[in-house]
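Q: Need a 3D model of the sequence below.
(one chain, ligands or ions: 2)
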Amino acid sequence: MREVIIRNEEDTRAFGTALAQQLKPGTVLALIGNLGTGKTTLTKYIAEGLGVKETLTSPTFTIVREYHSGRLPLYHFDVYRLKSAEELFDIGCDEYFYGQGVSIVEWADQVAEVLPEETLCVFIVYGQEEGERIYQCTF
Ligand SMILES: Nc1ncnc2c1ncn2[C@@H]1O[C@H](COP(=O)(O)OP(=O)(O)O)[C@@H](O)[C@H]1O
Ligand SMILES: [Mg+2]
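A: Ligands and ions are numbered 1, 2, ... in the order given. Now for the predicted structure:
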């Protein structure tokens, strides 16, 4: 797996905005890492790279939020509160995952069964220094 060393939030921003340029309709990006590793923050920078105008807010209580002002629609999921992958399926996640937008899923490891086979994954862990993160990327 490709490993990217992130030294600070500015590196996260550079990674996110660059990744945004590569995203295509129907891309699903899984963000897997503990609380505070920066899944929402990375999503915010990907949104910025897509040209999303609205302020991105965490979808913790809504499961999914949609943004339509960027180059591609962005569907931002946080599945932390779901009890099963089936619950996500029942919400109609396939409409999003196989639609014309980009889906980003925080805590995606909890719903692995319903993710498309081609899902891109970033595993995020804390580094040694404050602000440091290690991204393990499957792409
Ligand atoms: N390199 C970094 N990348 C992302 N966030 C960082 C980084 N360094 C520090 N932070 C801070 O860590 C916190 C991450 O919070 P958040 O994005 O909500 O995490 P998560 O969604 O994974 O729980 C934010 O307060 C952010 O400013
Ligand atoms: Mg979050």
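Q: Start and end of stretch 99-118, how far apart?
A: By Cα to Cα, to the nearest Å, the extent of stretch 99-118 from end to end equals 14 Å.
Q: swap in stretch 98-116?
A: First residue to last in stretch 98-116 (Cα to Cα) measures 8 Å.
Q: So which bits of it are buried?
A: By 16 or more other Cβ atoms under 10 Å, the buried positions in stretch 98-116 come out as 101-108, 110-111, 114-115. (C-beta placed from N, C-alpha, C; glycine too.)
Q: Tell me the spacing between Gly36 and Glu130.
A: 12 Å (Cβ to Cβ, to the nearest Å).
Q: Revised request: answer the last question for Arg71.
A: Distance from Arg71 to Glu130, by Cβ to Cβ: 33 Å.
Q: Please name the spatially closest residue to the residue in the chain positioned nearest to ligand 2 (chain neighbours excluded).
A: Nearest residue of the chain to ligand 2, counting by Cβ to the ion: Thr40, 3.4 Å away. In this structure, Thr40 finds its nearest non-sequential neighbour in Ser58, 5.0 Å apart by Cβ to Cβ, 6 or more residues apart in numbering.
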